[in-house]
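Engineer: Predicted model and sequence follow; I will ask about them next.
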Amino acid sequence: MKHRLLLNLYLLAGALLLGGDHFAQTISGAFPSMAGEWVRFGTFRGLQSVQLDSVKVGKEGTFSIPFKAEEPAVGYLMGEEGRPFFLILDEGSDIRLKGERIGLPESIRVERGQQNIAFGTYASQHPRREQALSAWMYLERMYSADSLFSLHKAPSNAIREEQARIKAEDEAFLASLDPKWYVTWYLPTRRLVSEVSVVAQYRPEEIPATVAALRRLDYANERLYRSGLLKDAIEGHFWLLENCGKPLDSVYVEMERSIDAMLPGLMKDERRLNEVTDYLFDLLERHSLFRTSEYLALKLLNQASCTLDGDLAKQLETYRKMKVGNLAPDFVFPPTWLAAEPLSRPGKLSDIRSAYKVVVFGAGWCGKCKEDLPAIARLYPKWKGQGVEVVFVSLDENEQAFRDFAGSLPFLSTCDFRKWEGEVVQAYHVFSTPTMFLLDKDLKIVLRPNSVNQMDAWVDWFLVKGNK
């Protein structure tokens, strides 16, 4: 009885996640080779996938999963292979599948569920059309650029006609779908997002139109939020701009235009604004696109109409106060400090006479710091030889932890044991560890390295190479 009650509560929670208060539809499957295995069922919420249920396939290879979808969404089934099979979850129809294994989508036939039949048909036909289209486009380039073929106009015209026919056939299929169906919106959106890399590599002439289409997406739209495409749309959008073949300064301008296009829709929903911009900010940082991440930070902070989550606001504030070109705060060293070499304790940061200073924030409880600080210690002799001093500001909370972690480091280390409330941490708007700032002799911020490798590359490029 206890287990049955827990199961009922679990299934009820799944129904509520899909927006309903009772089950009205089922997904049933017949997969004989999966007898005795478990099948997971889930859907998407913004950038996250949400598992709603799991069932054990019966002895005859059949299973049934109840669901309720008052809001259309994309769902997924996943077997032991971990390869998802996507479904359209909408009101009005049950879904029945038959095949060899869920992990082998090409073996699956949709026997019931109009939208999923249309989805399956398009998912089968569209890739073949794309392959043929890419082949014809390759031939078109050959017949245009190679003197051996360029004189023959009839083949060139035939190639263009066949390309037009393939594109028209694809559009005709989409146009034939019921405009009220979720899949009618989903398929062209999925096509747009999934073809980004193909366009960049094989059809560069389509880059402007693809970028324009990505800018027209409403990144707070409920359909996109439930589609499982949101993360891919964001990543594909900015990856295409980064790899469009333009000079870096032009790439930054295009990315700023894209941010300007995205924000008005997101401003209508603060929860999604925070979710999307937090992810985008992290994406830009990971790709070292700091000018664009700075632009996004300042754009959000200057929007009086939006409310940012506390952690995100602190992260963005770092860019307003601690952006490249600003003066970093000078600070007095706390009484507790360590240094491998005998030296008189400097009173404040500006007392350290070196061409450059790297201020590193970290702690012994920070897993990444346990990798980065030893790496900096190994590189320190080279950096110091090029006029770069290192100062480690620890966020450890007691002296023993500080000494255990920083005692072997060859550069100056200091700690006030106040963790995130420390005066220096607050002055530098540090919100995560490790965090690094490269300062010049006047404490002007030269670089905000996102990794030890980036800092070392800067030393090699601007100092080692420059001194040769």
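Structural biologist: Cool, got the structure.

Engineer: When you work out contacts or count neighbours from here on, use the C-alpha atoms and nothing else.
Structural biologist: OK.

Engineer: what helices or strands is the longest helix along the chain leaning on?
Structural biologist: Of all the segments of type helix in the chain, defined by DSSP state H, the longest one is helix 114-145. If you count contacts as 3 or more C-alpha pairs under 8 Å, 6 or more residues apart in numbering; DSSP states H and E, helix 114-145 packs onto strand 84-89, strand 109-112, helix 153-175, helix 182-194.

Engineer: Where do the domain boundaries of the chain fall?
Structural biologist: Domain assignment for the chain by automatic domain parsing gives 2-112, 113-177, 197-321, 337-464.

Engineer: Just send those domains back as CSV, with distance to Asp330, mean neighbour count and mean pLDDT too.
Structural biologist: What follows is those, written out as CSV (distance: least, C-alpha to C-alpha, whole Å; neighbours: other C-alpha atoms under 10 Å; pLDDT from 0 to 100):
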stretch, distance to Asp330, mean neighbour count, mean pLDDT
domain 2-112, 40, 18, 82
domain 113-177, 58, 15, 90
domain 197-321, 14, 17, 88
domain 337-464, 6, 18, 91
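
Engineer: Nearest to Arg191, out of those domains?
Structural biologist: Taking C-alpha to C-alpha, domain 113-177 is the member of the domains of the chain nearest to Arg191, at 8.8 Å.

Engineer: what are the ranges of the helices in the stretch 251-400 of the chain?
Structural biologist: With helices called from DSSP state H, counting those that start in this stretch, the stretch 251-400 of the chain shows them at 270-286, 290-301, 310-321, 369-385, 399-406.

Engineer: Output the second one as CSV, nothing but the C-alphas.
Structural biologist: Listed in CSV are the C-alpha atoms of helix 290-301, where the atom choice follows Å, rounded to 0.1, in the frame of the first residue of the first chain:
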residue,chain,number,x,y,z
PHE,A,290,34.3,39.3,-23.1
ARG,A,291,33.4,42.4,-25.0
THR,A,292,30.0,40.8,-25.7
SER,A,293,29.5,39.5,-22.2
GLU,A,294,30.3,43.0,-20.9
TYR,A,295,27.8,44.5,-23.4
LEU,A,296,25.1,42.1,-22.1
ALA,A,297,26.0,42.9,-18.5
LEU,A,298,25.7,46.6,-18.9
LYS,A,299,22.6,46.3,-21.0
LEU,A,300,20.8,44.3,-18.3
LEU,A,301,22.0,46.5,-15.4
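
Engineer: picking up where we left off before, the inter-axis angle of the longest helix of the chain versus helix 182-194?
Structural biologist: 30 degrees (axes from the mean of the first three to the mean of the last three C-alpha atoms, to 10 degrees).

Engineer: Helix 114-145 to strand 84-89, inter-axis angle?
Structural biologist: Angle, helix 114-145 to strand 84-89, by the same axes, to 10 degrees: 120 degrees.

Engineer: circling back: right, so of the helices of the stretch 251-400 of the chain, which gets closest to Ser124?
Structural biologist: Set against Ser124 and scored by C-alpha to C-alpha, the helices of the stretch 251-400 of the chain come closest in helix 270-286, at 31.3 Å.

Engineer: Quick one: residues in contact with stretch 271-285.
Structural biologist: 46-47, 219-220, 234-235, 263, 266-267, 290, 292-293, 296-297, 308-309, 312, 450 (C-alpha atoms under 8 Å, 6 or more residues apart in numbering).

Engineer: for the spatially closest residue to Trp337 that is not a sequence neighbour, what are its contacts?
Structural biologist: Spatial nearest neighbour of Trp337, excluding adjacent residues (C-alpha to C-alpha, 6 or more residues apart in numbering): Thr414 at 4.2 Å. Neighbouring residues of Thr414 by C-alpha under 8 Å, 6+ apart: Phe333, Pro334, Thr336, Trp337, Leu338, Val391, Phe392, Val393, Ser394.

Engineer: In strands only, show me these.
Structural biologist: Among the contacts of Thr414, the ones falling in strands (DSSP state E) are Trp337, Leu338, Val391, Phe392, Val393, Ser394.

Engineer: any chance of those in a markdown table, with distance to Gly113 too?
Structural biologist: Below are the ones in strands among the contacts of Thr414 laid out as a markdown table (distance: C-alpha to C-alpha, whole Å):
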| residue | distance to Gly113 |
| --- | --- |
| Trp337 | 69 |
| Leu338 | 69 |
| Val391 | 64 |
| Phe392 | 61 |
| Val393 | 61 |
| Ser394 | 59 |
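
Engineer: Pick the one among the residues you listed closest to Lys441.
Structural biologist: Using C-alpha to C-alpha, Val391 is the member of these that lies nearest Lys441, at 13.5 Å.

Engineer: Show me what that closest one is bridged to.
Structural biologist: Beta-bridge pairing of Val391 under DSSP bridges involves Val359, Leu412.

Engineer: Name all residues that make contact with it.
Structural biologist: Lys357, Val358, Val359, Val360, Phe411, Leu412, Ser413, Thr414.

Engineer: Tell me the one among those residues nearest to Gly92.
Structural biologist: Gly92 lies nearest to Val360 out of those, by C-alpha to C-alpha, at 58.1 Å.

Engineer: With distance to Tyr186 added, can I get the domains of the chain in CSV?
Structural biologist: Listed next are those as CSV, based on distance: least, C-alpha to C-alpha, whole Å:
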stretch, distance to Tyr186
domain 2-112, 9
domain 113-177, 9
domain 197-321, 7
domain 337-464, 36
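
Engineer: how close does Leu224 get to Leu230?
Structural biologist: Here the distance between Leu224 and Leu230 works out to 6 Å (C-alpha to C-alpha, to the nearest Å).

Engineer: Name all residues that sit in contact with those two at the same time.
Structural biologist: Residues touching both Leu224 and Leu230 (C-alpha under 8 Å, 6+ apart) are Gly46.

Engineer: which residues touch Leu266?
Structural biologist: Residues in contact with Leu266 (C-alpha under 8 Å, 6+ apart) are Asp218, Tyr219, Ala220, Arg272, Leu273.

Engineer: What is the nearest of those to Glu242?
Structural biologist: Nearest to Glu242 out of those is Tyr219 (C-alpha to C-alpha; 19.5 Å).

Engineer: Could you look up the SS state of the closest one?
Structural biologist: At Tyr219 the chain is in coil, as set by DSSP: H, G, I helix; E, B strand; the rest coil.

Engineer: Now Leu316: closest residue in space that isn't a chain neighbour?
Structural biologist: Distances taken as C-alpha to C-alpha, 6+ apart place Ala297 nearest to Leu316, at 4.9 Å, with adjacent residues excluded.

Engineer: For Thr26, what are phi and psi?
Structural biologist: Main-chain torsions, Thr26, degrees, to the nearest 10: phi -140, psi 150.

Engineer: how close does it get to Glu70?
Structural biologist: Counting by C-alpha to C-alpha, the gap from Thr26 to Glu70 is 14 Å.

Engineer: How about Glu294?
Structural biologist: For Glu294, the distance to Glu70 equals 40 Å [C-alpha to C-alpha].

Engineer: Likewise for Lys299?
Structural biologist: Noted for Lys299: a distance of 36 Å to Glu70, by C-alpha to C-alpha.

Engineer: Repeat that for Val251.
Structural biologist: For Val251, the distance to Glu70 equals 41 Å [C-alpha to C-alpha].
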